[in-house]
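A.B. asks: Need a 3D model of the sequence below.
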Amino acid sequence: MKRFFFSILVFLFIAVSDAKPTVEILATGGTIAGVAASQTSTTYVAGSLSAQQLINSVNGLESIANIKYTQVYNKDSGNITTSDWMKLYAEVNKAAQDQSIDAIVITHGTDTLEETAYFLNLVAKTEKPIVLVGSMRASTSMSADGPLNLYNAVAVAISPQTHNRGVLVVMNEKIFGARNVTKTHTTNVDTFQSPNSGPLGDVVMGDVSYYSTPNRASTTDTPFKISNDTALPNVAIIYEYVGVDTKILASILKDKTLKGIVIAGVGDGNIPSYEHDFLVKARKAGIVVVRSSRTGSGIVSYDYNNLDTTYGLIAGDNLRPEKARILLMLSLLQTNDIKQIQQNFYKY
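C.D. replies: Below is the predicted model:
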């Protein structure tokens, strides 16, 4: 009789487990896995906790989903390279092709989280939800924000409402689209914002609510295809300011591997007239140049001050410089045609 009841309990346990969605957590380090010397210390070592330790710190996580995990790498996100992106891309691909996995959550440092999110938004070829999450306080901090952020990220990933919204970022009870989200404050837990569009929704203690859907093509609807060993083209970012030394700009063009430049212009992507020679030489060398803005929000108008038609430049729409660089790198894998690349900036 005892054996019979035990068998029933095992059956029920398996049935309940099978009823829950399965989420693959890809851990990459960051503050969410950081450890400090004290609860109030502002200095810490990012990427100290393992994926298993991070998951164990979140009470109730396995009550809403079956959790699998992979430690992709464990580092400060300021140290992430494009080679690391390829490694993460390979793991996302593996999880996307695994029929037992319903959604993907990526734990990530906040310094470059928005860049990784947008990169995956353009190259991940899956309709499974992909959610990036981090924290602004180390795991050992007083009122650490990581555990609830991770719980909410899993809740967003498994929500039926999340499908067909592209790659998402969940931070501080807000849901953001990968294209428009950015880090706006050095330490505040409410640092992530989308200045041009606002959040897509909220998630409060796992309760998910959406208010809008991203209107740019993403994931399976983009033409950008890469492999695990793709080498992304060399694209630099130049930040404009009063009195730019044109000799420094000229030295940049000596790098023969340089394929593109994103200029973080002043105002509406404006570029000083004394950079005329630099722009002419860059374009003659076949370097594709995109105008973005250092302002942090707003659309860069096409052909402002006749810059685009005069020099053959590309207006970066409302993408911040670091994201304009990602779109330009991926575009350059396909074409050098500035008209086609300009259209990419309007579509993606």
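A.B. asks: remind me which residues of the chain are low pLDDT?
C.D. replies: Across the chain, the ranges flagged by pLDDT under 70 are 1-18.
A.B. asks: From the recorded domain assignment, give the ranges for it.
C.D. replies: Domains of the chain are assigned by automatic domain parsing as 19-221, 234-347.
A.B. asks: Would you reformat the ones you listed as TSV and include mean neighbour count?
C.D. replies: The way it works is simple: take the backbone N, C-alpha and C, and place the C-beta from them, glycine included. Below are the domains of the chain laid out as TSV (neighbours: other C-beta atoms under 10 Å):
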stretch	mean neighbour count
domain 19-221	20
domain 234-347	18
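A.B. asks: center of the protein, which residue is that?
C.D. replies: Nearest to the mean C-alpha position of the chain, by C-alpha atoms, centre = their mean, lies Ala117 at 1.7 Å.
A.B. asks: Pretty sure Val169 is one of the things it touches, is it not?
C.D. replies: Yes. Between Ala117 and Val169 there is a contact at 5.3 Å, judged by C-beta atoms under 8 Å.
A.B. asks: where's the helix or strand that contains Leu120 relative to the chain centroid, distance-wise?
C.D. replies: Leu120 is part of helix 113-123, with elements assigned from DSSP states H and E. Centroid separation for helix 113-123 versus its chain: 3 Å, with C-alpha atoms, centre = their mean, to the nearest Å.
A.B. asks: residues in contact with it?
C.D. replies: Residues outside helix 113-123 that contact it (C-beta atoms under 8 Å, 6 or more residues apart in numbering): 30, 77, 80, 85, 88-89, 92, 106, 108, 130, 132, 134, 166-169, 177-179, 181-183, 192, 218-219, 222, 224-226, 322-323, 326-327, 330, 348.
A.B. asks: Can you list which of those residues are found in strands?
C.D. replies: Ile106, Ile130, Leu132, Leu168, Val169, Gly177, Thr182, Lys183, Phe192 (DSSP state E).
A.B. asks: Now do the closest residue to the last one other than its chain neighbours against Asn59, distance only.
C.D. replies: Spatially, and ignoring its direct neighbours in sequence, Phe192 is nearest to Met171 (4.3 Å; C-beta to C-beta, 6 or more residues apart in numbering). Look at Met171 and Asn59: by C-beta to C-beta, to the nearest Å, they are 20 Å apart.
A.B. asks: ditto for Ser139
C.D. replies: Distance of Ser139 to Asn59, computed by C-beta to C-beta: 14 Å.
A.B. asks: what residues are up against the residue nearest to Phe192?
C.D. replies: Thr110, Val133, Gly134, Ser135, Asn149, Val189, Thr191, Phe192.
A.B. asks: wait, which of those residues is closest to Ile67?
C.D. replies: Of all those, Ile67 sits closest to Val133, with 13.7 Å by C-beta to C-beta.
A.B. asks: if I look at the closest one, how far off is Ile106?
C.D. replies: For Val133 relative to Ile106 (C-beta to C-beta), the value is 7 Å.
A.B. asks: Likewise for Asn188?
C.D. replies: Per C-beta to C-beta, Asn188 is found 22 Å from Ile106.
A.B. asks: What of Met171?
C.D. replies: For Met171, the distance to Ile106 (C-beta to C-beta) stands at 13 Å.
A.B. asks: Common neighbours of these two, please.
C.D. replies: Val133.
A.B. asks: just the helices in the stretch 1-150 of the chain please.
C.D. replies: With DSSP state H, counting those that start in this stretch as the criterion, the stretch 1-150 of the chain has helices at 2-19, 51-56, 61-64, 82-97, 113-123, 146-158.
A.B. asks: Can I get the third one in CSV, CA atoms only?
C.D. replies: Backbone C-alpha positions of helix 61-64 (Å, rounded to 0.1, in the frame of the first residue of the first chain) are rendered in CSV as follows:
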residue,chain,number,x,y,z
LEU,A,61,11.3,30.4,-9.2
GLU,A,62,10.8,26.7,-9.7
SER,A,63,7.2,27.0,-8.7
ILE,A,64,6.4,28.9,-11.9
